[in-house]
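Trainee: Sequence first, predicted coordinates after that:
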Amino acid sequence: MPTDLADPPVTNGDPAARSSLPNDSAVGLYRPVRPDLGVARRLRKLAGIREDILDWVPEERSRYTRLGAIVLNTGLLAGLSLVVALHSVAGGAWWMLLPFGALWAYLIMTFDGWLISSTHGVQHVSKLRLFLPRIIISLLLGAAIAEPLVLWVFQPSIHNNIDDHRKKVVEDYEGVLRRCNPPTGEPTGTPDCAGYLVNIPNSPAAIQAELGDTTRLSKDTQETLGKLDGKHAELEQLARDECAGKSGPGLTGDRGEGGECLRNRQKADQFRTDNQLDKQHADLVALNAKVTALNGQLSTARASSETEISRAITAKVDAKRANLDDRGLLDEIDALDRLSAESTAVSVAGWVLRLLLIAIDCMPVFSKLMGGTTCYDILVSRQLESAKRLHTKHVSLYERRDSVDLDILAQRTEQKLRTKTGDMDNEERMGRAKRKQELTAQIDHLAEQLERR
């Protein structure tokens, strides 16, 4: 019995209005079904699904709706991860970071959507070869997304560990400072104290160094001056003995201030002048006075050094503590690593959570891989093949059409060439004939003139 197209049958109570068929096609057919215009359609769009093809296999709508939901969930998880990471680094109000999280979620959903849509319609290639690069990319993204969330889950313990670790770092730093800077103000000379020495005004070490230099200079001056004084005393004694008329080596035995007596006295005076004995005695007195003053300053500095050194150490410790006030993402990663090293349970729990989050982040690719080849993939593959065949025919048609036009144009050009060539030949023949007639006429004219003569 023929079907009345004006009164289409009803399927499931609704007449089918199908956008995937031409406008003049009959409605009420079994396939395709009525297009889905609800929220599920928007979810499937995230996975790159073409609804006009899916209308032919409506049984797979739920599958691809859930696949789109997985892509959405991955994007939301990525956005949450970025907000957590930025809040750990920048601090402040978390809600101010939501635009950045939304942008990151959009980027991840776009990327996952491309990873999924690029596999639609694939049937005859190796699944592993096709999905391996996509799985590697998903694993890298999953690791980057999962780490901030793992830190967020263990955040209370991580913050406590950071505080304890920093307290220990400050205490160790203070201990090294106090070991390398004893209250006496005399720093130790061990190599491990390099960079841990403090500077204080009126440092006992500086005064001690200056006192040592001054004491050595005073001792050297006193030794040198003692030798010079002994030599001068010998010259003076020789002059007195000569003037007194004593006999002995280097003496004349003549009493009185004779020539030898005056010369000896002159030698002694010249020796005193040349060696600046008076100035050197004055310098020695000044050096001894400086040693006495430095000893007093050293005693005073040692009495106040303990307070000054303690104040300087406290300032360095406070500066160190101030530098450790902020907590960053790397600090939290180090803290989690320390907690994992201290406790096997923390290490196992951390890796289980990390792998779970990575698996969730990779779920769009995994779900597509585990789903196998669907009827939708077959239809997409057929449509792609049909599109390639149509495109090939379309190109061939335009190639044939353009070839015909070019062939006709070439024939017309050849015909025009032949016509032009014939015209040129005719013109040449006519020209030769005309020139021959003119030459004959000239010959006849010349012959006639000769006959007249």
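Mentor: Thanks, I have it.
Trainee: quick one: low-confidence parts of the stretch 1-150 of the chain?
Mentor: Low-confidence segments of the stretch 1-150 of the chain (pLDDT under 70): 1-29, 123-128.
Trainee: Do you have the strands of it handy? List them.
Mentor: In the stretch 1-150 of the chain, no segments count as strands under DSSP state E, counting those that start in this stretch.
Trainee: Please list all residues in contact with W94.
Mentor: 83, 87 (Cβ atoms under 8 Å, 6 or more residues apart in numbering). Quick note: C-beta positions are derived from backbone N, CA and C, even for glycine.
Trainee: do the same with L397
Mentor: So L397 contacts nothing (Cβ under 8 Å, 6+ apart).
Trainee: How far away from the center of its chain is whichever strand or helix holds it?
Mentor: Element membership of L397, judged by DSSP states H and E, is helix 375-452. Relative to the centre of its chain, helix 375-452 is centred 68 Å away, using Cα atoms, centre = their mean, to the nearest Å.
Trainee: Ok, stretch 48-61 next?
Mentor: Worked out by Cα atoms, centre = their mean, stretch 48-61 lies 44 Å from the chain centre.
Trainee: Go through that stretch and flag the buried ones.
Mentor: Judged by neighbour count (16 or more other Cβ atoms under 10 Å), stretch 48-61 contains these buried residues: 48-51, 53-55, 57, 60-61.
Trainee: cool, and stretch 331-349?
Mentor: 331-333, 335-336, 338-340, 346, 349.
Trainee: Touching it from outside, list them.
Mentor: Against stretch 331-349 from outside (Cβ under 8 Å, 6+ apart): 88, 147, 150-151, 154-155, 157-159, 161-162, 165, 350.
Trainee: Top of those residues by number of neighbours, please.
Mentor: Counting neighbours by other Cβ atoms under 10 Å, V150 leads the contacts of stretch 331-349 with 25 neighbours.
Trainee: how far away is that one from V365?
Mentor: 21 Å (Cβ to Cβ, to the nearest Å).
Trainee: quick one, what contacts D361?
Mentor: If a contact means Cβ under 8 Å, 6+ apart, then D361 has 74, 77-78, 138, 141-142, 145-146 as its contacts.
Trainee: out of these, what pair is the most spread apart?
Mentor: With Cβ to Cβ as the measure, no two of the contacts of D361 lie farther apart than L77 and S138, at 12.7 Å.
Trainee: Compare the two (neighbour count), which wins?
Mentor: Applying other Cβ under 10 Å to L77 and S138 shows that S138 carries more neighbours, namely 23 against 19.
Trainee: Number of residues surrounding the closest residue to the more buried one other than its chain neighbours?
Mentor: In space, and not counting its chain neighbours, S138 is closest to C362: 4.0 Å by Cβ to Cβ, 6 or more residues apart in numbering. Neighbour count for C362, taken as other Cβ under 10 Å: 24.
Trainee: residues contacting C362?
Mentor: 135, 138-139, 142.
Trainee: Other residues contacting the helix or strand P364 falls within?
Mentor: P364 is part of helix 363-371, with elements assigned from DSSP H and E. Outside helix 363-371, the residues that touch it by Cβ under 8 Å, 6+ apart are 47, 63, 66-67, 70-71, 73-74, 112, 115-116, 119, 127, 131, 134-135, 138, 359.
Trainee: change it to 7 Å
Mentor: 63, 67, 70-71, 74, 112, 115-116, 119, 127, 131, 134-135, 138 (Cβ atoms under 7 Å, 6 or more residues apart in numbering).
Trainee: Next: stretch 288-296.
Mentor: 207, 210-211, 214-215, 218.
Trainee: same thing with stretch 45-58?
Mentor: Contacts of stretch 45-58 (Cβ under 7 Å, 6+ apart): 18-20, 31-33, 35-36, 41, 60-61, 64, 67-68, 71-72, 109, 113, 116-117, 120, 375-376, 379-380, 383.
Trainee: so of the residues you listed, which ones are in helices?
Mentor: The helices in this structure, assigned by DSSP state H, contain 41, 61, 64, 67-68, 71-72, 109, 113, 116-117, 375-376, 379-380, 383 from the contacts of stretch 45-58.
Trainee: And these, which is closest to V169?
Mentor: M109 (42.1 Å).
Trainee: OK, contacts around the closest residue to the closest one other than its chain neighbours?
Mentor: Closest residue to M109 apart from its sequence neighbours, by Cβ to Cβ, 6+ apart: G75 at 3.5 Å. By Cβ under 7 Å, 6+ apart, the contact list for G75 reads 105-106, 108-109.
Trainee: And the buried ones among the residues you listed, selectable in PyMOL?
Mentor: Here is the PyMOL command that picks out the buried ones among those, judged by 16+ other Cβ under 10 Å:
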select buried, resi 105+108+109
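Trainee: measure G422 to R44 for me?
Mentor: From G422 to R44 the distance is 72 Å (Cβ to Cβ).
Trainee: So for these two, which sits in the more crowded spot?
Mentor: Set G422 next to R44 and count neighbours by other Cβ under 10 Å: R44 wins out with 25 against 10.
Trainee: residues touching that one, list them.
Mentor: By Cβ under 7 Å, 6+ apart, the contact set of R44 is 64-65, 68.
Trainee: Break down the stretch 1-150 of the chain into its helices, ranges please.
Mentor: According to DSSP state H, counting those that start in this stretch, the stretch 1-150 of the chain carries its helices in the segments 39-46, 51-54, 61-90, 98-117, 127-153.
Trainee: residue nearest the centroid of the chain?
Mentor: The geometric centre of the chain, computed from its C-alpha atoms, lies nearest to L330 (Cα atoms, centre = their mean), at 14.1 Å.
Trainee: where's that residue, which helix or strand?
Mentor: helix 329-342.
Trainee: Give the next helix or strand downstream of that helix.
Mentor: Helix 329-342 is succeeded, C-terminally, by helix 344-361 (DSSP H and E).
Trainee: quick one: that next one to helix 61-90, angle?
Mentor: 130 degrees (axes from the mean of the first three to the mean of the last three Cα atoms, to 10 degrees).
Trainee: I figured V71 hits F111, correct?
Mentor: No: with contact defined as Cβ atoms under 7 Å, V71 does not count as touching F111 (9.6 Å).
Trainee: Compare the two (neighbour count), which wins?
Mentor: V71 (27 against 18).
Trainee: what residues are up against that one?
Mentor: V71 neighbours (Cβ under 7 Å, 6+ apart): 46-47, 109, 112-113, 116, 364.
Trainee: Export those residues to TSV and append columns for distance to E428.
Mentor: Formatted as TSV, the contacts of V71 follow (distance: Cβ to Cβ, whole Å):
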residue	distance to E428
L46	80
A47	79
M109	81
D112	80
G113	76
I116	77
P364	82
